[in-house]
Each structure stands twice: as C-alpha cells, then as structure tokens.
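Q: Quick one, fold the following:
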Amino acid sequence: MEEDQANWLRTQLARRLAPEDSSERGEAAARENRENQEPGTRANPVGWDQQGLLRRELPGRGARGTAGPKAGQEAAEPGPSESEGRSEEGRAGLEPGGPGGGEIEAPVEDLGRSRERRGESALADSKEERPGSQRRQGSWKPGDQQAGTLRETYWERSQERYRERAVKPRVKGQVDWRYRLEKKPSWLKPPTLVEPEENEGYKEDLLIPAQVRRPVVKFSLQARSRLQSQRSAVCCPSSSVINELTKMGDPNVLEMVQEEERRASREERFFEVSEFKKDEQSKDSIFFRDGIRQIDFVLSYVDDIKKEAELKAERRKEFEQNLRKTGLELEIEDKMNSEDGKTYFVKIHAPWEVLVTYAEVLGIKMPIKESDIPRADKIPFSCMLGPLKLPRNVKHPHAEYFTAQFTRHRQELFLIEDESSFFPSSSRNRIVYYILSRCPFGIEDGKKRFGIERLLNSHTYASAFPLHDGQYWKPSEPPNPVNERHTLCQNWARFSYFYKEQPFNLIRDYYGEKIGIYFVFLGFYTEMLFFAAIVGLACFIYGLLSMHDNSSSTEICDPEIGGQIIMCPLCDVMCDYWRLNSTCWASKFSHLFDNESTVFFAIFMGIWVTLFLEFWKQRQARLEYEWDLVDFEEEQQQLQLRPEFEAMCTHRKVNAVTKEVEPYLPLCSRIPWYFLSGATVTLWMSLVIACMVAVIVYRLSVFATFASFMESEASLKHVRSFLTPQITTSLTGSCLNFIVILILNFFYERISAWITKMEIPRTHQEYESSLTLKMFLFQFVNFYSSCFYVAFFKGKFVGYPGKYTYLFNVWRSEECDPGGCLVELTTQLTIIMTGKQVFGNIKEAIYPLVLNWWRRRKARTNSEKLYSRWEQDHDLETFGSLGLFYEYLETVIQFGFVTLFVASFPLAPLLALLNNIIEIRVDAWKLTTQYRRPVAAKAHSIGVWQDILYGMAVLSVATNAFIVAFTSDMIPRLVYYYAYSKNAIQPMKGYVNNSLSIFLIADFPNHTVPSEKRDFTTCRYRDYRNPPDHEEKYFHSMQYWHVLAAKMTFIIIMEHVVFLMKFLLAWMIPDVPKDVVERIKREKLMTVKILHDFELNKLKENLRMNSSDFAKHLIIQENKVQLAKSAT
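A: Model prediction:
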C-alpha cells in the first residue's frame, strides 16, 4: 500500500513535467515492457524516450493494473504506431528556437493528428518491415489486452526499428544537442528529438541499458525570443552525483544528461560554412563565425616539427574530443587565417546547458529579486568629495539584487531576461577554465593525464586565455556587448585620474572577485597611508624648523667646542685622527629624524597599524556583503583538489567528513620533498646573510680608502664637510646591497615556485600558503636584513680603542657616527625602499610594453588594426596564476618598510603613499591594455596575507621601541637632561662632551696606531667608559648602566602602552559594522522568504490535478485494498 501511494505521488509530480496525456501513455507502455519482460532478456536499448515528445520516466504509471484495462489499452497504442525514425508529419512540426536552445514542436493538436495517422498505419508498417517474422499469438491489434503478446510484439518491433536507425543516413546540417530538458512553462513547447549519430560509437552504445541512455535534442542557432530565454534547464540525475563526478574531473559527467558526440568532424556536420574570409569578419568580433555564439575562451598552438609533434597532436585531438563530450563547442581557426601564418586558434563557447550545470557545481550565486535595501553611499562631508567621485553608472554599473546559489531545477526562480547575458563574462570564463583544468587528454606512463596547465607546460598548447571585451581605446560596436574594458580604461587606467576613486564593482565584474579585492585592499591601504603621511610630514617639518636650535648639533659645529675635540681613528694604521666638527652637516641632518617627535611618531604608528587592520576587517566585511560573498565557502575554490595532485596520486582513501573516496598521497612520499624544501629555504636565507656580510666587508675594506682619498684630494675640500667617509661608505654599501637583493630575489622566485610544485600540495590553498611562506620568509630576510643590522648591531659591539673587536680577526667592526646610527639607517631604508618601488613600477610598465611590441613586430605588422580579437589578445603578455601573488608580496614588503623602521624615517608613509597612487594606475593600465584577460576567480578576503600583516604589526611595536631606545640618541639625552645636567638655564649644554669618553694615545697597540705621529696625548670616542686615570680605566661607567636601564624601561613602557591601546581599539571596533549585520540579516530573511514562496507555489502546482483523475485513483486504491483483503 505504501509503495502504491508513493507511486501515486510521483505520478502527480510527473503530470507537471509531461502534461500531454499521450506522452504519459507512451512512457507507461515502454516502462511496462521493461518491468514485465522475461528474465534473461535485454531491455529495450533506446526505449520510448526517443519517440514523440521529450519525456521524463514516470514511475508509477507503467503497470496496467494500476491504470485499469482501458488505460492499459490507451498506453499500448503509441508503441507500434511509431514508424522508423520520425514521420514527415513529425518533421514538419518543428519550429526554430534560439542559439543553444531547442527546436520547438508543433502545437499539441497537430501532434495528436500525426499520432492518429501513424496509429492507423501501424499494422501495415509492421508487416512491411517484418515480412518473415513469426508471432506467438497471432497479429497484434490496438486494444489487445494480452500482456505477453503486447510485450513480445513491442520488443521485437523496437529491436528491428532501432537496428535500422543505427545505419540510417543522417540529415546533413542538423545540429544535435545532448541535454534532457526540464519541464517547460505552458507557453513554451517542448523540443523534438533527432535520431542518434551514425558511427561505430553509437552501435556500441546500443548495448547500454535504456534507463542510462538519454535522448538527443536538436537545437537551432537562430535568435531566441525574450520569453524563450526563461525556459527551464536540463533535467539531470542527482545533483550530488554530477557535482562529485565533476570534481573528480570526469569528462563524461554531462553524458548523464546528454548523448555522446564522438568525432572531430562534428563542426562539418553542424555548420556548412563557405570558405572563411578574414577581411569580411569584424576584427573586434568576439563571436564564432555564425555571429551568435560568444567566444568564452581561446587556445592557441603552432605546428611542432620536433619528435614529439605526433604526441602533441594526439594529445590535442583527445583533449578537444573530451571538451566536446563535456558540452563545450569548439571552432578552429586554421593557421592560414592567422596573421603570422603559423598559429592555430581553438575558440571555445560554453552553451547555456553547460553554464547552468557548472554554475550549480561551483555554487555561483545569481539574482532572484532586485534588492529593496538602499545603498550606503552617504558619508560625512560627501559634498566636499565630489571631485573625487566617479559617475554613478561607472561606480554602480548594475542594480543590487537578492541572490541565491544557482540550480538548474529552479531556473524560474532567477531573473533570466537573456540567457546570453545572464552569466557575466567573468563567470563564463571561470566555468570554462574549471572544465579545461580537469579535462583529460590521455593515459601516459600508466597514469591519467589531464588539465590545460600540463598541456601548456609541455608546450602542447602555446596559450589559453579568455578574450577581452574589445579594444581598450574605443567602445564596442553592435552586435558586441558593452565594452567594459574601454570603460575601465577611461575611468580607471588613466594617470590623470589618480585622485579619483576606483570603480570596484566594475573591476569585480570584469576580472572577478580575487583581483577586485586586491585593488580594494590597495586602495584602502593608500587611503590610510594618507593620515600616516600627514603626521610623518609634520614630524619632519618640526625637525626641520628646530634644526638650528638643536644644542647638540650647535656644539658639534662650533669651532671652539667641536673643532677642539680630537676623535680617535676610525680604522687601523691608515686612518688618521679627526675633529668632531667635520660631522657638522651629518649632525644637523640626523636631527631631522632624531628629535622629540620621534617617540610620538613611533607610538602613533603603533596605533595607526591597529586602526588600519581593524578598519580593513570592517571594509572587508562590507565588501563581502556588497559582492555577495557572505556565505562563500573557501572549499568551493581554494580547497578543491589541484589537478596535478589528482594526477600524481595512485592511492585512494575515504574522506572522514564526506565519506567519499578521494585521492591520497601518503606522508612518506612527501617527506623527502619537505626536507628538500626546508633545506633550500634555509640555504637561500643563509646566502642572503652571507651576501650581507660581504657588503659589510666591502664597507670595512673601502672605508680606509675613502678616508685617505678624501683627506688627500684637494678638489673634495668643499664637499668634505657634508660628504664624510662614513656617509660615502654607507651610500655605496646601500646601493650595492640593493643590487644584491634584486639578483637574489630574481633567482629565488623561480626556485621557490619549482620546489612548491614538487611538494605536490593537495589543494590550491595549500599551494598558495606554501609558496607564500617560502617567498615571504626569503623576502623578509633579503630586504630587511641590512636594516636590522644597521639598527640593532652596527656600533653595538665595537669595543674601545686599544681593544677593538674584529670580523674574522681581519676587519675592525664598524662604528656609528657620534650622533648615532640613525642617519645611516635612514639612508639604508630610503635607498632600498625607494629603489624597490621605482624599479618595480618601471618593470611593471616597461616590461610588458616592450614584449608586446616585439610580438606585434614578429607578427608582420605593428598595428592592432589588422588583427582579429583573439590575435590581439594572444600577442599580449600573460598575467599568470602568480601575478596577483607578487602584487600582494610587493605591497606587504612595503608595509614592512612603513611600519618596522618608521621611527627612523617619518617620511616613509609619504613615499609609500606617492608610490601607491602611481602603483594603482600602473597596475590598472597594464591589466587593461598590456595583459591578457586573467581567468576570473573568487575570494572573500586577502587570505594568508592578512595574518602576515598582523604579525608584522605586532613586530613593528618592538622594532620601533628598540630603534628609539638603542639606535636613536633620544634616551641618552633624556638621561643627561634629568640626571647629569648641571646648567639649569641650558640643560643640554655640555651633552656632547659628556657622551664622549677619553682614551690615552699611548695605550694604542702598535698594530693599530696611526702611521703619522701627532702631538695629541688623548683622543675621544663614543661610549660611556671610565677615563685613563680611573682605577677601573676603560670599564663602563655608572652612566652607561643608567642609560641602559632607561632604554630597557622605555622599551617596556612603550610596548605595554601601545599593546594596551591596540587591544582596546581591537575590542572597541567591531569586525562587522552594525549596518552591515542588519543588511545581511535582511537579505537572508528576504532570500528565505522568496525561496519559500517559490517552493510553495511549485508544490501547489504539482498537487493541482483534475478531479476526475483524482476520483479514478481513489477507486483504484479502494479496489487494491479489497483485492488484498480477499487474497488474505
């Protein structure tokens, strides 16, 4: 009884899907034949699904015992009435659909008349078809109630009918589609069926059970009306089955919903096109030759004359065949049509059925209703920011909608006005790339090989890229869609718009969320730098204005004070004694950055970093809402298995969470690569340290040369006052260090990428995290090691005259300037930071420009005017999968310069601000004009970079506190001011003399004393040590310990104050703004309500049935109950 009731409910659902009663009866008869066939016989290989209208299987309607004798008779009639193939009347009833759409049947009444005519000639046809056939119980008649005769007759005739169909010639020019369509709205007529292809593959497929096979639906390529575009999607098996097969890279996933297309001659059968004339097609066309199907992706390759030419050709053939199996449409441009005469182009189009299938697999959200929540564009003083704003149609190119994850079976729920523009181009190329990255191309060395990346690495294909919308310097012309590339170029990639905001929504629509969120982050970071730059500039101006009032530099420059102080030699033997006033300009320059405002700016930057990160979390949360990424699950993108991982894995195991079998790589297979990876990173970091030591040796070795040369050269007398040997050595050493940094970085980038691939990371997220860790660790050491050395090591372990420390027992350790090492740290930071930014911008702008010019030159022309759309993009530079990675890395390294050492250089935020203003426009210009269009990808955050920024923010508090305490001269001055000053009117008077210790020249060892004899008895050096006449001479004095205690106290106090303020600010500032929380709740509520209303209406439609049918089913159920009781 329960099974009968379940069958009855399924019958009600089937009524909506196949309202024509005749189609239900045909299906019922076919299923009755399958269910009641004798054991050992094979099921009908094709079945009723390929006759008449396209139908679903209708469980519960096949048994005649359920429908009664009359129903059984009616259900049996369509069986023999079907003639071979399709009758002329049936073929005459086709109406054209649209591109990618189905040809529509004639009206139902015409179909009914055609069935009657076919039914009247059923017996005659059968006799003519099978003149020698023997029937067990006489000739069959319509309405015959004998089940055995009906089954045998139906089975015998259907077998012969489909044997003849298998060898029947095809109609030339027909276009086959392989998707089973869902129930159409009442205003849309169902598509018709075509016969299977004539090929060996089809003959083999005759052995496939009928319940596995799917009908072939013929589609035309004519214009689709607006109403037709709202039809339902394909009807496929369980969504979970399709999703899992797709994730596993199965190219036959869509064969669950479509018939197999076998050979590469498909295009010749589909389209009979005359010889292609390139000059007759628009150079900006982004469509196939028919002008209807849009190009979503392009592959290119050239003929290979090497030994592997046949292997590559076979790979391409297999790969393209498998792409066709998944439903993609391909069109190949011969090399004779290309500008260089040797490049083939494979244009790929994803039809509607492929898009809706994979949109569900990828969890793409699409609009279901226009949002009634107003935009939050009102900000304080917005009227004053008018010149910075973009036009509203550029800033918000589309209205806001409530969205839901797309599903094929709920297409009526979504706002599908036009199928060709429903999915944005970024989503289309993302779907196609998903298929390309998982499509196999053969089995080599016993392993399944697949993925476009492997084909690109083996040079089987030269390139793979989606097309730009058109040329960037002019808008598109009909029938091409709106040229968003031109809009971006005009409103974003122009340097004259440096003060304008960025069109983030347009960037996201064109390039995808992953690239869009990078530009949002870069823009937000630049905005926050504006406030840090203002404060840093104010501190610099304060130092500039107070430079002449600085008592320390005044004493150093005074001939009566600094001119009378004789300093000990800075190197052994070759260096002579020197007077303190020779560093006059250096002391004044040092005061620009080493003054009272340094402490304030260090504390301010500690707070600024916290505010930046907390406000960025808010901006990111708002962005997730605006870009519909609130429920975005990382595993949809980043946690998907990498094709390389799946190809390398030979083991399988059950996932503990999903209970599904997944590829598995044992840990023992990875350990060797992990050891190699760790050893390589350690080796290169050691190499960086070795290079830094080499630069230090250079500075030590040339310092004496610079000192003697500048002392003896009369022409340098005028520059000797500000270009001292210390400064000269520091400048040349910093420049040399910068060159070494660039060279090491160039080689390490390639080695780290190779090692990461060899580790065989399981997912994209693991790959990016592993590469990020390697690259950042190396870049951190490479760029910051010299700054850490100057800030925390140089001049700290020098010793004192007569007992200096030596590097490798050869070179004497470097000393700081009498004013401290802050000036040298500022010089080092300025050269490396500025040099990196200038070099990076020039490289990003010039490098792709030169390469693109060279490609155009090689292609026999220097103008894009002769190129087709795909050739123009083919000659552009590729952005690469790691292009965005290096952009983030560059920004994070700059963030380190701004935060880690900002106490020594308050102008660092200003330089970073100016660089980022240029960087935004350079990146926009190169992406829009010089690079191929990147494949769109989703992301809801900046990923692991945010954790790195948090770590650097914490580290910056400690580094700035140590710079103020140990590198700056601030703490010693404060100790002297409060503890050792004896002048109440001028407390800092005498500080310079107090900070210098006395050394007796007679105590110099013979191997260190200057070669020239002087009449001095003592010299001075920078340190707090006892004088020669003290009983503990040259030991640290009590003032040294007071200064050291003050430095440590300052570090502890500053760190605790800044960390306390950081934690308070992080606690007070919510991660998600209140208005965003309310908007998210409102949108979720509305989405649930819309889905509930849709399902409720769908349920009502399914349960709506004719009263007579309902009464009939009640009678049947009652009869069954009575029969059951009587049997018992």
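Q: mind listing the strands for the stretch 501-650 of the chain?
A: Secondary structure of the stretch 501-650 of the chain by DSSP state E, counting those that start in this stretch: the strands cover 566-567, 578-579.
Q: other SSEs contacting the first one?
A: Okay, so that is strand 566-567. strand 578-579, strand 1018-1022 (3 or more C-beta pairs under 8 Å, 6 or more residues apart in numbering; DSSP states H and E). Heads up, the C-betas are built off the backbone N, CA and C, glycines and all.
Q: returning to what we had before: which one of the strands of the stretch 501-650 of the chain has the most crowded surroundings?
A: strand 566-567 (a mean of 18; mean count of other C-beta atoms under 10 Å).
Q: How far away from the center of its chain is that strand?
A: Remark: strand 566-567 is offset 61 Å from the chain centroid, using C-alpha atoms, centre = their mean, to the nearest Å.
Q: circling back to that earlier point, which stretch in the strands of the stretch 501-650 of the chain has the least confidence?
A: Among the strands of the stretch 501-650 of the chain, strand 578-579 carries the lowest mean pLDDT, at a mean of 85.
Q: Describe which strands that one pairs with in its sheet and in which direction.
A: strand 566-567 (antiparallel) (DSSP bridges).
Q: How about residues contacting the strand it pairs with?
A: Strand 566-567 is contacted from outside by Tyr577, Trp578, Arg579, Leu580, Pro818, Phe1016, Thr1018, Cys1019, Arg1020, Tyr1021, using C-beta atoms under 8 Å, 6 or more residues apart in numbering.
Q: ok, now stretch 731-745?
A: 684, 687-688, 691-692, 694-696, 698-699, 702, 778-779, 782-783, 786, 827-828, 831-832, 835-836, 839.
Q: mind redoing it with 6 Å?
A: Cys691, Val695, Arg699, Asn782, Ser786, Thr827, Gln828, Ile831, Ile832, Gly835 (C-beta atoms under 6 Å, 6 or more residues apart in numbering).
Q: do you know which of the strands of the stretch 501-650 of the chain lies nearest Ala1124?
A: strand 566-567 (115.8 Å; C-beta to C-beta).
Q: ok so, going back, please identify which of the helices and strands packed on strand 566-567 is closest to Leu506.
A: Per C-beta to C-beta, nearest to Leu506 of these: strand 1018-1022, 58.7 Å.
Q: and stretch 289-302, what's its mean pLDDT?
A: Confidence over stretch 289-302 (mean pLDDT, whole number) is 91.
Q: okay, how far is it across that stretch, tip to tip?
A: End-to-end distance for stretch 289-302, by C-alpha to C-alpha, to the nearest Å: 21 Å.
Q: Helices along the stretch 651-800 of the chain, start to end?
A: 667-712, 725-758, 764-792 (DSSP state H, counting those that start in this stretch).
Q: what's the neighbour count on the residue lying closest to Ala953 once chain neighbours are set aside?
A: With sequence-adjacent residues excluded and distances taken as C-beta to C-beta, 6 or more residues apart in numbering, Ala953 is closest to Val609, at 4.2 Å. The tally of other residues near Val609 (other C-beta atoms under 10 Å) stands at 26.
Q: still on that earlier bit, least confident pick among the contacts of stretch 731-745?
A: Arg699 (82).
Q: and stretch 1015-1025, which residues are buried?
A: Neighbour-count burial for stretch 1015-1025, with 16 or more other C-beta atoms under 10 Å as criterion, is recorded at Cys1019, Arg1020, Tyr1021, Arg1022, Asp1023, Tyr1024, Arg1025.
Q: re the thing from before, quick one: which of the contacts of stretch 731-745 is nearest to Lys1033?
A: Arg699 (30.6 Å).
Q: how far away is the residue lying closest to that closest one once chain neighbours are set aside from Leu388?
A: Spatial nearest neighbour of Arg699, excluding adjacent residues (C-beta to C-beta, 6+ apart): Gly733 at 4.4 Å. Look at Gly733 and Leu388: by C-beta to C-beta, to the nearest Å, they are 43 Å apart.
Q: now Phe901
A: Applying C-beta to C-beta to Phe901 and Leu388 gives a distance of 31 Å.
Q: Within the helices and strands, which one has Leu884?
A: Using DSSP states H and E, Leu884 sits within helix 883-900.
Q: Whichever helix or strand comes after that helix vs helix 883-900, what angle?
A: Counting by DSSP H and E, the element after helix 883-900 in chain order, helix or strand, is helix 908-925. Interaxial angle of helix 908-925 relative to helix 883-900 (axes from the mean of the first three to the mean of the last three C-alpha atoms, to 10 degrees): 170 degrees.
Q: now for helix 908-925, which elements pack on it?
A: Helices and strands touching helix 908-925, by 3 or more C-beta pairs under 6 Å, 6 or more residues apart in numbering; DSSP states H and E, are helix 513-545, helix 822-858, helix 883-900.
Q: Tell me how far it lies from the chain's centre.
A: 22 Å.
Q: Likewise for stretch 549-558?
A: 57 Å.
Q: Over to the closest residue to Glu614 other than its chain neighbours: give its phi and psi.
A: If the residues on either side of it in the chain are set aside, Glu614 comes closest to Ile1069, at 4.3 Å by C-beta to C-beta, 6+ apart. Main-chain dihedrals, Ile1069, degrees, to the nearest 10: phi -90, psi 120.
Q: Next, count neighbours for Ile1069.
A: 15.
Q: my guess is it contacts Leu613, does it?
A: No. Between Ile1069 and Leu613 there is no contact under C-beta atoms under 6 Å: 9.6 Å.
Q: Can you give the domain ranges for this structure?
A: 284-367+400-467, 514-1064, 1076-1127 (the TED database).
Q: Can you pull out the low-pLDDT segments for the stretch 301-450 of the chain?
A: 376-383 (pLDDT under 70).
Q: what do you get if the cut-off is 80, keeping everything else the same?
A: 304-307, 339-340, 374-386, 444-448 (pLDDT under 80).
Q: That one: helices as residue ranges?
A: Going by DSSP H, counting those that start in this stretch, the stretch 301-450 of the chain shows helices at 309-325, 352-361, 392-395, 419-422, 425-436.
Q: between those, which gets nearest to Tyr461?
A: Of all the helices of the stretch 301-450 of the chain, it is helix 309-325 that lies closest to Tyr461, at 7.2 Å by C-beta to C-beta.
Q: what angle do the closest one and helix 425-436 make?
A: Using the same axes, to 10 degrees, helix 309-325 lies at 120 degrees relative to helix 425-436.
Q: Can you give me the buried ones in helix 309-325?
A: Lys312, Arg315, Arg316, Glu318, Phe319, Glu320, Gln321, Asn322, Leu323, Arg324, Lys325.
Q: Distance of the last one relative to Lys395?
A: The one in question is Lys325. 43 Å.
Q: The third one too?
A: With the distance defined as C-beta to C-beta, Arg316 ends up 44 Å from Lys395.
Q: go on, the fourth one?
A: Computed as C-beta to C-beta, the Glu318 to Lys395 distance reads 47 Å.
Q: One more: the second one?
A: Computed as C-beta to C-beta, the Arg315 to Lys395 distance reads 46 Å.
Q: again, but for the first one
A: Using C-beta to C-beta, one obtains 47 Å as the distance from Lys312 to Lys395.
Q: And Glu1031, by the same measure?
A: Between Glu1031 and Lys395 the computed distance is 78 Å (C-beta to C-beta).
Q: The two - which one has more neighbours?
A: Lys395 (17 against 6).
Q: Now do the contacts for the more buried one.
A: Pro503.
Q: The same query, at a cut-off of 7 Å, please.
A: The contact partners of Lys395, by C-beta atoms under 7 Å, 6 or more residues apart in numbering, come to Pro503, Asn505.
Q: Just the pLDDT for Lys203.
A: 34.
Q: Hmm, Asn994 and Tyr980 touching each other?
A: Yes. Tyr980 is within contact range of Asn994, at 6.2 Å (criterion: C-beta atoms under 7 Å).
Q: what about Leu676, how many residues close to it?
A: Leu676 has 13 nearby residues by other C-beta under 10 Å.
Q: what's the residue nearest to it when sequence neighbours are not counted in contact with, if anything?
A: Counting by C-beta to C-beta, 6+ apart, Ile755 is the residue found nearest to Leu676 once chain neighbours are left out, at 6.8 Å. Shown in contact with Ile755 (C-beta under 7 Å, 6+ apart): Leu676, Ser677, Thr680.
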